[in-house]
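Chemist: predicted model and sequence follow; I will ask about them next.
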Amino acid sequence: MANLFATTVASAKPRDRDYKLSDGGGLYLLVRPNGTKLWRLNYRYLEKHRTLAFGA
């Protein structure tokens, strides 16, 4: 399992495409090309994959 530190999140720079910084267990930070950083969680419910968005 990887660790996401506050310094890693704060220093994440936008790239040409979306990319993810994962913390394991389905939690990740989505960094958009415009610089927006969004917290997301991938999980399974009733045998289906779902994504929960926590916001910026």
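Modeler: Happy to help now that I have it. Numbering: from 1, shown residues only.

Chemist: do you know the pLDDT at residue 40?
Modeler: Looking at residue 40, its pLDDT reads 95.

Chemist: again with the one 5 residues further on
Modeler: pLDDT, residue 45: 93.

Chemist: how near is it to residue 54?
Modeler: Using C-beta to C-beta, to the nearest Å, residue 45 is found at 16 Å from residue 54. (Each C-beta comes from the backbone N, C-alpha and C, glycine too.)

Chemist: for residue 29, same thing?
Modeler: From residue 29 to residue 54 the distance is 10 Å (C-beta to C-beta).

Chemist: kindly report the same for residue 47.
Modeler: For residue 47 relative to residue 54 (C-beta to C-beta), the value is 23 Å.

Chemist: what do you get for residue 25?
Modeler: Relative to residue 54, and taking C-beta to C-beta, residue 25 is found at 14 Å.

Chemist: report the contact partners of the spatially closest residue to residue 19 that is not a sequence neighbour.
Modeler: Leaving aside its sequence neighbours, residue 19 sits nearest to residue 31 (C-beta to C-beta, 6 or more residues apart in numbering; 5.5 Å). Residue 31 is in contact with 12-15, 18-21, 37, counting by C-beta atoms under 8 Å, 6 or more residues apart in numbering.

Chemist: if you set the cut-off to 10 Å instead, what comes out?
Modeler: The contact partners of residue 31, taken as C-beta atoms under 10 Å, 6 or more residues apart in numbering, are 9, 12-15, 17-21, 37-38.
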